[in-house]
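**Student:** Dropping a prediction and its sequence here:
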Amino acid sequence: MQSKLVLFDIDETLIHSDGSGRRAIGRAVVDVLGVKPEGIKVSMSGKTDPQILSEIMTACGQPADHFHERQEELFNIYLKVLEREINQSQAYRLHEGVLELLAELDKHPDVYLGILTGNIERGARIKLGRFGLNHYFPIGAYGSDSGNRNDLPAIARQRAELHYKKEFPAKQILVVGDSVHDVTCAKSYGAISIAVNTGVTSRKDLEEREPDFLFPSLSNVPAVLEAILETGAGR
Ligand SMILES: [Mg+2]
């Protein structure tokens, strides 16, 4: 088998975040930019943090890039609130099958893992750290690298090739995620898409994007493993 690079989304793919990210972003924009809470009702699923902030600005009738100059301050508050939310929330948990799947993939000599998320890197690491998952993902591409999710596979690949000292052609890269944006991002790069129906996106909406695989969740570990190991170039 040729090497595979498996890139996981975080929110509602690995982790049920119980609205913690939304509350943390909400707190930060209210505190730093004086935004009215109505503006925070934008859909966040599958979007990058910079994209979410731009959309909040637009919803509040402000220029989309209005948050840029206060970004550092915004993200500092966001991360502080996020950490508190995550530690306090009883409902913050891993999705079913995640621990077993990661343990299986980690053991496999031809499988290499990474993160592909709209979260800024520090936020992603806080979320993964809550469950001790950071060690599975030495590399990743994040919302702090680009506001456009479709830029992220190339960034993840570059980092993975440097770190693992392996080549990962697009056909040997799998993107696992719960939203249509994860599917689109995989397809835009020519990577393989594994959609999981554990987020707010309906099964029908996921199906319409024609992911290579669609699972109700990651809980059927043998089936997900088979999809990852058997698909793509060199099968
Ligand atoms: Mg997600």
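**Tutor:** Here it is on my side, so go on. Numbers count the residues shown, from 1 in each chain.

**Student:** for the ion, what are the nearby residues on this protein?
**Tutor:** Counting by CB under 5 Å from the ion, the chain comes close to the ion at 9, 11-12, 178. Where C-beta positions appear, they are placed from N, C-alpha and C, glycine not excepted.

**Student:** Now stretch 28-44 - C-alpha only, CSV.
**Tutor:** Written as CSV, here are the backbone C-alpha positions of stretch 28-44 (Å, rounded to 0.1, in the frame of the first residue of the first chain):
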residue,chain,number,x,y,z
ALA,A,28,-14.6,38.1,21.8
VAL,A,29,-16.4,40.2,19.1
VAL,A,30,-18.8,41.7,21.7
ASP,A,31,-15.9,42.6,24.0
VAL,A,32,-13.4,43.8,21.4
LEU,A,33,-15.5,45.2,18.6
GLY,A,34,-18.7,46.1,20.4
VAL,A,35,-20.7,43.9,18.0
LYS,A,36,-24.3,43.3,18.8
PRO,A,37,-25.2,39.7,19.6
GLU,A,38,-27.6,39.5,16.6
GLY,A,39,-24.6,39.6,14.3
ILE,A,40,-23.2,36.4,15.8
LYS,A,41,-26.0,34.3,14.3
VAL,A,42,-24.1,33.4,11.2
SER,A,43,-23.6,29.7,10.3
MET,A,44,-20.2,28.6,11.5
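
**Student:** Pull out the buried positions in the lengthiest helix in the chain.
**Tutor:** When the chain is parsed with DSSP state H, its longest helix is helix 71-88. Of the residues in helix 71-88, 71, 74-75, 77-79, 81-83, 85-86 count as buried by neighbour count, 16 or more other CB atoms under 10 Å.

**Student:** ok, residues contacting it?
**Tutor:** Around helix 71-88, the neighbours that count as contacts under CB atoms under 8 Å, 6 or more residues apart in numbering are 20-21, 23-25, 27-29, 31-33, 49, 53, 67, 92, 120, 122-123, 126-127, 130.
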